[in-house]
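[1] predicted model, plus sequence, below.
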Amino acid sequence: MPFFTRILKFPRALLARLRDQRKQPRHRVGADFPLVATVSLSGDDGTLRQSASAGPGSIWSGRVSDISANGLSVRLPVATATARNETSTVRITLAERELAIPCTVAHFRVQPAHALCGLRLDFADFAAQKSFLQIVEAVSLGSSFAPVGGDRAPRVSLGLARRQWRSPRHAKLTEWRETGTRKLDRFELILEEHCIEGRMTEPGLKISRDTSRAKPAAPTVEAELREFFLWVVANLPASVPTDLKEFMRRAATTTTAAAPKHATKAPVASTSPTDWAPPKRPVRG
């Protein structure tokens, strides 16, 4: 079952096209994104054993360093041995959930501190491919943010300095800071039609289903957006300040105080892992 069921509903036709396009852009996985891959390899760097009758090999685990729609590169211990075209199954672990996907070794290089193993994924079904592509979407969106205006000085208005970062994947991040102290005041992340805001003076996040901020997101969608937001933040580039990333993470994991009894109670979003799922994306041809 895909990680996300209410957003990132990639159409079957798109997944079929991606299967046929072996060369896809690679995206650097953020150091804070806990994406781990485990793979069984023969330990043979010469003649490869590619059938089940060859017996099990050694099992190796490591952090994923980069990812694309059809594959990934994983950092493994230097003792790992394999060679191109060995077949196996990679188990990808994230947020206490696991994907098992058949794979083929595309390249293998031993470096001083680790071995780098590139795996080409051979998806057995569309559900596994959709789940993997949801991870790719979070990584690619987060890692593609770039500062607007480069090194140009932030814009100042009403005592606050504003800076922005944009992603070509229909997203914009804005921060506001006090001009004197450079202390963070608030941030806003636009993900297509959704708006996610955080303020230093208020706990938690405010999540709206449109950029006018007039309509709060439905509880199930809010839970999905909150988790997707954390995935994106974990993959933001170095151009986004560390204190802003920390503030965004803290806001996403802070529960807002309960409303007074006389006030109208807003629906409470479930944060169960089974509810997690990110925003709708346009179909890409």
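    The structure has been received and is ready for your questions.
[2] mind listing the helices for the protein?
    Secondary structure of the chain (DSSP state H): helices at 12-20, 126-143, 219-233, 242-252.
[3] okay, now stretch 232-250: how far is its last residue from its first?
    End-to-end distance for stretch 232-250: 14 Å, by CA to CA, to the nearest Å.
[4] show me how far it is from its chain's centre.
    13 Å (CA atoms, centre = their mean, to the nearest Å).
[5] how about it: buried residues?
    Under the neighbour-count criterion of 16 or more other CB atoms under 10 Å, stretch 232-250 has 232-236, 240, 244-245, 247-249 buried. Backbone N, C-alpha and C define where each C-beta goes, glycine included.
[6] kindly report the same for stretch 127-143.
    Here stretch 127-143 shows 128-143 as buried, counting by 16+ other CB under 10 Å.
[7] and stretch 195-212, by the same measure?
    195-199, 204-209.
[8] got the contact list for that stretch?
    183-190, 193-194, 213-218, 221-222, 225-226, 229, 247-248, 251-252, 254-257 (CB atoms under 8 Å, 6 or more residues apart in numbering).
[9] report the buried members of these.
    184-190, 194, 216-217, 221-222, 225-226, 229, 247-248, 251-252.
[10] so how far is stretch 134-151 from its chain's centroid?
    That offset, for stretch 134-151, works out to 10 Å (CA atoms, centre = their mean).
[11] just to revisit the earlier point, closest to residue 163 out of the helices of the chain?
    helix 242-252 (9.1 Å; CB to CB).
[12] and the contacts of the closest one?
    So helix 242-252 is in contact with 32, 175, 184, 187, 189, 198, 200, 203-205, 226, 229-230, 233-234, 236, going by CB under 8 Å, 6+ apart.
[13] residue 77 contacts residue 113, correct?
    No: Residue 77 is beyond contact range of residue 113, at 9.7 Å (criterion: CB atoms under 8 Å).
[14] looking at these two, which one has more neighbours?
    residue 77 (13 against 8; other CB atoms under 10 Å).
[15] can you give me the offset of stretch 215-227 from its chain's centre?
    17 Å.
[16] cool, thanks, talk later.
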